[in-house]
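Visitor: Sequence and predicted structure are below.
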Amino acid sequence: MADRDNLPVVVIGLGRFGSSMALELTRLGTEVLAIDHRPKVVQSLAGEITQIVAADATDLQALHQLGVPDFQRAVVAIGSDIEASILTTSLLVEVGIEDIWAKAISRQHGRILERIGATHVVLPEHDMGERVAHLVSGRMLDYVQIDPDFVLIKTHPPRELVGVPLGEAKLRRKYGVTIVCVKSKDEDYTYATPDTVLQYGDIILVVGPTAKVERFTTL
Ligand code: ADP
């Protein structure tokens, strides 16, 4: 039996999101059973995923025939057909799959999926839209939400931190954020220490509560 971190996964719905996920899981060495009701989609991915079949995931009998109840982990990557997404998720709950990741296309859709028993709900378009807004605003080079109110960002150091050892900048006390890593031009990332002195053009990774990190980037 696979270890808890590399359990086989059933991925249902092979649109852009589901197919990328199934291919990446395969690349990571995870055993995947991929299901989509469109034979053309299945044909185009055949050979690239461990096991791939054409079936309607809203059909309980089909799920049993494919051995879906034996899986502990599943992804429902059906988005635009909300009825199929909800029905499939509820069938996975009914057959006893413990860990169900479901994609939602709106907050309301996400709330319904959570209520019927999805253990993790992801809103890829919504989350990516938020993330890109931070990049488009020009203050951050990357933005990763770790928790609803906690982020990790990649940015350049604000002017007032350049040339000062981080230990003297009292970042945590003054701004409530922490610089964890620093990268100077043509060098690798290194962990920031109290002796680190930042230069213009360095790249820093900053973590902290969202509002505080956002304020930090306006310094
Ligand atoms: P994306 O935006 O990621 O491309 P879509 O919602 O457009 O997502 O695609 C979802 C995929 O799920 C499609 O390939 C579609 O054929 C598949 N799908 C939809 N309903 C079912 C179903 N009942 N059973 C299996 N696959 C389904």
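Guide: Nice, I can see it.
Visitor: Next, count neighbours for whichever residue of the chain sits closest to the ligand.
Guide: At 2.3 Å from the ligand, residue 15 is the closest residue in the chain, using C-beta to the nearest ligand atom. (Glycine included, C-beta is placed from N, CA and C.) Counted by other C-beta atoms under 10 Å, the residues lying close to residue 15 total 16.
Visitor: ok, is the lowest-mean-pLDDT helix or strand in the chain in contact with the ligand or not?
Guide: Counting by mean pLDDT, DSSP states H and E, the chain has its least confident helix or strand at helix 124-136, which shows a mean of 88. No. Helix 124-136 is not in contact with the ligand by C-beta under 6 Å from any ligand atom; minimum separation 7.7 Å.
Visitor: For the chain, just list every one of the strands.
Guide: 9-12, 32-36, 51-54, 73-76, 99-103, 120-122, 142-147, 150-155, 178-183, 190-191, 203-209 (DSSP state E).
Visitor: weakest of the ones you listed by average pLDDT?
Guide: Of all the strands of the chain, strand 142-147 carries the lowest average pLDDT, namely a mean of 91.
Visitor: mind checking which of the strands of the chain is nearest residue 42?
Guide: Closest approach to residue 42 among the strands of the chain (C-beta to C-beta): strand 51-54, 4.4 Å.
Visitor: So what's the gap between the closest one and the chain middle?
Guide: Taking the mean of its C-alpha atoms, strand 51-54 sits 24 Å from the chain's own mean (C-alpha atoms, centre = their mean, to the nearest Å).
Visitor: now the strands of the chain as a markdown table including mean neighbour count and distance to the ligand?
Guide: Converted to a markdown table, the strands of the chain look like this (neighbours: other C-beta atoms under 10 Å; distance: least, C-beta to the nearest ligand atom, whole Å):
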| stretch | mean neighbour count | distance to the ligand |
| --- | --- | --- |
| strand 9-12 | 26 | 6 |
| strand 32-36 | 25 | 4 |
| strand 51-54 | 17 | 8 |
| strand 73-76 | 26 | 9 |
| strand 99-103 | 23 | 7 |
| strand 120-122 | 16 | 11 |
| strand 142-147 | 14 | 20 |
| strand 150-155 | 19 | 25 |
| strand 178-183 | 18 | 33 |
| strand 190-191 | 10 | 37 |
| strand 203-209 | 20 | 30 |
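Visitor: Format those as TSV; extra columns: distance to residue 22.
Guide: Below are the strands of the chain laid out as TSV (distance: least, C-beta to C-beta, whole Å):
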stretch	distance to residue 22
strand 9-12	4
strand 32-36	4
strand 51-54	8
strand 73-76	8
strand 99-103	12
strand 120-122	15
strand 142-147	23
strand 150-155	27
strand 178-183	32
strand 190-191	35
strand 203-209	30
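Visitor: out of these, nearest to residue 165?
Guide: When those are compared by C-beta to C-beta, strand 178-183 sits nearest residue 165, at 11.7 Å.
Visitor: Direction-wise, compare the closest one with strand 203-209 and give the angle.
Guide: Interaxial angle, strand 178-183 versus strand 203-209 (axes from the mean of the first three to the mean of the last three C-alpha atoms, to 10 degrees): 160 degrees.
Visitor: got a list of contacts for strand 178-183?
Guide: For strand 178-183, the surrounding residues in contact (C-beta atoms under 8 Å, 6 or more residues apart in numbering) are 152, 157, 166, 171-172, 189-192, 196, 198, 202-208.
Visitor: quick one: pLDDT of residue 162?
Guide: Listed pLDDT for residue 162 reads 94.
Visitor: quick one, what contacts residue 33?
Guide: Counting by C-beta under 8 Å, 6+ apart, residue 33 touches 8-11, 50-53, 66-68, 71.
Visitor: Lovely, talk soon.
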